[in-house]
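A.B. asks: Build me a model:
(4 chains)
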Amino acid sequence: MAEITGLREAVAGLVGDGDTVALEGFTHLIPFAAAHEIVRQGKRDLTLVRMTPDLVYDQMIGMGAAKKLVFSWGGNPGVGSLHRFRDAVERGWPLPLEIEEHSHAGMANRYVAGASNLPFAVLRGYVGTDLPKVTPTIEPIACPFTGEELTAVPALNPDVAVIHAQQADRKGNVLLWGITGIQKEAALSAKRVIVTVEEVVDAFEEHTFGIVLPSVAVDAVCAVPQGAYPSYAHGYYARSNAFYEAWDPIGRDREKFRGWMERHVLGVEDFSEHLRSIRQEGAMG
Amino acid sequence: MAEITGLREAVAGLVGDGDTVALEGFTHLIPFAAAHEIVRQGKRDLTLVRMTPDLVYDQMIGMGAAKKLVFSWGGNPGVGSLHRFRDAVERGWPLPLEIEEHSHAGMANRYVAGASNLPFAVLRGYVGTDLPKVTPTIEPIACPFTGEELTAVPALNPDVAVIHAQQADRKGNVLLWGITGIQKEAALSAKRVIVTVEEVVDAFEEHTFGIVLPSVAVDAVCAVPQGAYPSYAHGYYARSNAFYEAWDPIGRDREKFRGWMERHVLGVEDFSEHLRSIRQEGAMG
Amino acid sequence: MTEGEGRGYTADEMMTVAASRRLGDGTVCFVGIGIPSQAANLARLTHAPGCVLIYESGTIGAKPEVLPLSIGDGELAEHADSVVSVPEIFNYWLQAGRVDVGFLGAAQIDRFGNLNTTVVGSYEEPKVRLPGAGGAPEIAASAKEVFVVLRQSRRAFVEKLAFVTSVGHAEGGDSREGLGYTGGGPSVVITDLGILEPDPETRELTLVALHPGSTVEEAREATGWDLKVAENLGTTEPPGEGELRVLRDLKERTAAARKEKVG
Amino acid sequence: MTEGEGRGYTADEMMTVAASRRLGDGTVCFVGIGIPSQAANLARLTHAPGCVLIYESGTIGAKPEVLPLSIGDGELAEHADSVVSVPEIFNYWLQAGRVDVGFLGAAQIDRFGNLNTTVVGSYEEPKVRLPGAGGAPEIAASAKEVFVVLRQSRRAFVEKLAFVTSVGHAEGGDSREGLGYTGGGPSVVITDLGILEPDPETRELTLVALHPGSTVEEAREATGWDLKVAENLGTTEPPGEGELRVLRDLKERTAAARKEKVG
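C.D. replies: Residues are numbered from 1 along each chain as shown, chains lettered A, B, ... in the order given. Model prediction:
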């Protein structure tokens, strides 16, 4: 059963150095607040898992929290490169970053296998590409009925999954709607689950493409309004495309990046202060 | 893209003798109207696929429409046996019925594989049971990463899937809510898809556990109010538990059964007449 | 059905109450229709309000007002915490090891708690064709523990199953472990006569308690193998007034709700 | 970017319009961000109103008012026919063969339409680390046909890819068929200079049409291999007034919508 608690306590209690951690959210509902808290608490040697590393892992990688990244698409969507990710891969700054890369379909099915307590998943893919040459977690598998050869990928079972959702109720059931991406599978594949939410409510309303992650599948629920900013929370606030665009020159420069993170993440108490801090400075200055 | 059409035309055009046909609906939204239309049109030699044959297949089997049944649980839920199913298996009446039986988890995963265009699915099950001795579509499979041995079952790809839903819009998008069971996977695993609906509406409302099957995945949408009776349509009418209980003595007796089917299914034009007909007779008399 | 003559409750009520008592509060319970559903809901309405009831139709945290006749009545979705697809309930919940207790009935059981719900007689020419596997094999495989509930008789408690539909403790001893299942198998069998538990070593079902009024002889008579009896044979606490009231209310509400006219 | 000097439209506009024209009405199209998304939405707003646009975030039948910056903008879910999970969109839709056209860009392409979006230089010590595979390999594998859109240059049209991220026609001829994919591979490559299609036999990309104002020499100059040119080389119809107006309106609406202040 989920405990409704503070984000600081949740991260302190549930995320350990060296853990494999998946912060998920497919463009929508990316758990930035939780990522900042992990950075502020100085967690180290993490294996970060995420289909689309996005700015959230650019920040964590740039701050040296990760030793390894498991991913399928590492860019700033619609803008360009993730410069901190590239700097780590191309030049080992601030630390060398081991990478394990898959396709989206591969990653999605790895989470499905993890959520299903199966050691592997099967899909049509990878054959004829160079991915199997550089990624050891891809193997051929034959259908026992038809003999046809397909591709197997191993399950993902992170130590901790972190997602952001719109709402939780007071029992800790979690409601997401809009684009729900891979969040359900990421949460169900993990040993421990932290969910940040826009708000805790008495009862849920109806939302056709809504899913409810039951309380019993969650460890900690933390109310963090706007906790997915600069990504978005359908029904609450839009994606700050401007932030994504403004990130490019910040992420591009090591000093600018460190300065920004020190001012707006390390130098603040929590995510509400972070939001005040970047707003004060104006236009991502 | 779905065509909005009559059930008679849809069944005539999309269901052929000898086809593999899956009518799905897990207790909820069982497509009785479509089953009756298939019986009325005298379709023969069908391989019927369904997790829970229920009364709907008891009627089809008893009328000699099926040569084979692929299933996982064949009972009258909460009441007892499916007597027509038992008569066919135990005594070959009216025709011998070949059976291929799995567990629920096996059937569900077979549909998932079918919907995913994979030749097989993997699960933890069957080991140590007698099912693999009598069901050839169960094979061991080893994980290429851990060596662990699991069980594989082949995909289901019916020629036709038939489901009932609450609503379609005028473009043929289909909305189901409440218990949605295996309907999505059954529909997406099939070559052709018929959906009967309670009503065609201009726009859908919000329903948290709702799913929308897009028009492009459907061939025919047919408005058949109460088309799931005596099962239920969440938000429209409740399950007629009394019908399920009253079916027991009818299904138990070959003559009573034939008479009932002749009066209420073969002898009527369509499902609305069927409903009038059983209501006239009162209490399933 | 044996009546609890003069004791003010039936043997089925005793069985249901005894089963419900085993469900701890907060337990995630995968529930079948019939006595399991009665017992699980009785537990939820008495000592275990935090029980999370899962039905294989995909309802998680179901809180039915009346007992469902089928595994997928609308009643189950109405107040559930979540409703998911059938593949999800089996893959993401049961197989994933999220179910603490799986509740099963059966037509036949053997001394190691293996279950038959498929066929009596030979498979090819069955004497009685039963409904088949349903969700039982994977509940037996993956639930952390399994509670079996069925009336004790020589027809049901047999030396050799006509068909192994769901695996209990396999051939006994540690033979289940070799099958690669993650669940623990049956931890208790509750009948109308008493309670059986697997021996910690041999895994053979052993009578550990009798319900009030039942005797060891009766239990032996109703068992198709040489039934082991525990040295410290207990006696089940009879159903309490509260338990009986809640159970009977539940069944009355259910009967009333079903009295709708056909057609 | 080459300007369509004096012609009243840019080379990118020509490329986008040419790509949009290939999308037949009613096509189920798996769309990537950037030019593919522009072209698909232009088609939807002009000659192909019945196009079903799928974005890998799980939106089916998306009808964005403005162009999304990312693959999962709220705009996409707002008016979609259905929204499903990421595993579903890849397994039940793409892998299932429900996608008629997959729209891909790339950093590098070779003569058989194989694509690189992973790395320039060596994998271990990359010169440029690109975003990686994303949904591209399985779009290339399973869409019935693939449209590739990218600007033509020697940096992009290379003799040998630094990394094969997504398979086109493999080594040419019938070599793709041996890989067991169900999709047909690239049927057209649309650039800022013209249009290339695979030769029916060898599967080598062949220049079949030039955009107005482009020359064969320019195209050869911008290609890292000895570019084959069709005997009956066509000329693309320039963007019509209607096409240009709709495309520019769409981009203006998009720019206006993005002018929200940060923070």
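
A.B. asks: Residue A:270 contacts residue A:11, doesn't it?
C.D. replies: No. With contact taken as C-beta atoms under 8 Å, residue A:270 and residue A:11 are classed as non-touching, separated by 11.2 Å. For the C-beta atoms, the positions are set from N, CA and C on the backbone; glycine is no exception.

A.B. asks: Look at these two and report which has more neighbours.
C.D. replies: Taking residue A:270 and residue A:11 together and counting by other C-beta atoms under 10 Å in any protein chain shown, residue A:11 has the greater number of neighbours (24 against 15).

A.B. asks: Give me the common contacts of residue A:270 and residue A:11.
C.D. replies: Residues touching both residue A:270 and residue A:11 by C-beta atoms under 8 Å, 6 or more residues apart in numbering or on different chains: residue A:37.

A.B. asks: mind checking the SS state of residue C:208?
C.D. replies: When the structure is split into helix, strand and coil by DSSP: H, G, I helix; E, B strand; the rest coil, residue C:208 lands in strand.

A.B. asks: ok, it to chain D distance?
C.D. replies: Look at residue C:208 and chain D: by C-beta to the nearest C-beta, to the nearest Å, they are 46 Å apart.

A.B. asks: That residue and residue A:208, how far apart?
C.D. replies: Relative to residue A:208, residue C:208 is positioned 51 Å away (criterion: C-beta to C-beta, to the nearest Å).

A.B. asks: Please say which of these two ends up with more neighbours.
C.D. replies: residue C:208 (21 against 18).

A.B. asks: Below-threshold pLDDT in chain A: ranges please.
C.D. replies: Filtered on pLDDT under 70, chain A yields the residue ranges A:283-285.

A.B. asks: so how far is chain A from the one residue in chain C that gets nearest to chain B?
C.D. replies: Scanning chain C for the residue nearest chain B gives residue C:72, at 2.7 Å (criterion: C-beta to the nearest C-beta). Computed as C-beta to the nearest C-beta, the residue C:72 to chain A distance reads 18 Å.

A.B. asks: next one: whatever helix or strand residue A:212 lives in to chain centre, how far?
C.D. replies: Under the assignment given by DSSP states H and E, the secondary-structure element containing residue A:212 is strand A:211-213. Strand A:211-213 has its average C-alpha position 18 Å from the chain's average C-alpha position, going by C-alpha atoms, centre = their mean, to the nearest Å.

A.B. asks: Give me the contact list for the next helix or strand after it.
C.D. replies: Proceeding C-terminally, strand A:211-213 gives way to strand A:220-223 as the next helix or strand, assigned by DSSP H and E. Contact with strand A:220-223 is made by A:2-7, A:9-10, A:13-14, A:34, A:168, A:172, A:174, A:193-200, as judged by C-beta under 8 Å, 6+ apart.

A.B. asks: near chain A, which residues of the stretch 1-150 of chain C show up?
C.D. replies: Contact residues (C-beta under 8 Å from any C-beta of the partner chain) of the stretch 1-150 of chain C with chain A: C:26, C:28, C:50, C:52, C:60-61, C:81-82, C:91-92, C:95-98, C:142.

A.B. asks: Among those, which are located in strands?
C.D. replies: Counted as lying in strands by DSSP state E, out of the residues of the stretch 1-150 of chain C next to chain A, are C:28, C:52, C:60, C:82.

A.B. asks: and the longest helix along chain C, how far from the chain's centre?
C.D. replies: Taking DSSP state H as the assignment, the helix of chain C that covers the most residues is helix C:241-258. Here the centre of helix C:241-258 is set off from its chain's centre by 19 Å, with C-alpha atoms, centre = their mean.

A.B. asks: Can you list the helices and strands that that helix packs against?
C.D. replies: Counting contacts by 3 or more C-beta pairs under 8 Å, 6 or more residues apart in numbering or on different chains; DSSP states H and E, helix C:241-258 packs against helix C:11-21, helix C:35-45.

A.B. asks: any idea of the mean pLDDT in it?
C.D. replies: The average pLDDT for helix C:241-258 rounds to 92.

A.B. asks: which of the residues in that helix are buried?
C.D. replies: Along helix C:241-258, these residues count as buried under the neighbour rule (16 or more other C-beta atoms under 10 Å in any protein chain shown): C:243-244, C:246-247, C:250-251, C:254, C:258.

A.B. asks: Check stretch C:95-114 too.
C.D. replies: Within stretch C:95-114, the residues that qualify as buried are C:95-96, C:98-114, counting by 16+ other C-beta under 10 Å.

A.B. asks: at contact distance from chain B, anything in that stretch?
C.D. replies: Yes. Shown here: stretch C:95-114 in contact with chain B (C-beta under 8 Å from any C-beta) through residue C:95.

A.B. asks: end-to-end on that stretch?
C.D. replies: Between the opening and closing residues of stretch C:95-114 there is a gap of 19 Å (C-alpha to C-alpha, to the nearest Å).

A.B. asks: avg pLDDT for that stretch?
C.D. replies: What stretch C:95-114 shows for mean pLDDT is 97.

A.B. asks: where does it sit relative to the chain's centre, distance-wise?
C.D. replies: Distance of stretch C:95-114 from the chain centroid (C-alpha atoms, centre = their mean) equals 7 Å.

A.B. asks: How about stretch A:49-67?
C.D. replies: From the chain centre to the centre of stretch A:49-67 is a distance of 8 Å (C-alpha atoms, centre = their mean).

A.B. asks: before we move on, what about stretch C:206-224?
C.D. replies: On the basis of C-alpha atoms, centre = their mean, the separation between the geometric centre of stretch C:206-224 and that of its chain is 18 Å.

A.B. asks: measure it end to end?
C.D. replies: End-to-end distance of stretch C:206-224: 13 Å, with C-alpha to C-alpha as the criterion.

A.B. asks: same check, this time on stretch A:210-218
C.D. replies: With C-alpha to C-alpha as the measure, the first residue of stretch A:210-218 is 17 Å from its last.

A.B. asks: Give me the residues contacting that stretch.
C.D. replies: Around stretch A:210-218, the neighbours that count as contacts under C-beta under 8 Å, 6+ apart are A:1-2, A:165, A:171-177, A:180, A:183-184, A:187-188, A:193-195, A:204, B:208-209, C:28, C:52, C:60-61, C:81-82, C:98.

A.B. asks: all strands for the stretch 1-150 of chain A, in order.
C.D. replies: Ranges of strands within the stretch 1-150 of chain A are A:3-4, A:20-23, A:46-49, A:66-71, A:75-76, A:80-81, A:98-101, A:120-123, A:139-142, A:149-154, based on DSSP state E, counting those that start in this stretch.

A.B. asks: Out of those, the one nearest chain C is which?
C.D. replies: Scanning the strands of the stretch 1-150 of chain A with C-beta to the nearest C-beta as the criterion, the closest one proves to be strand A:120-123, at 11.1 Å.
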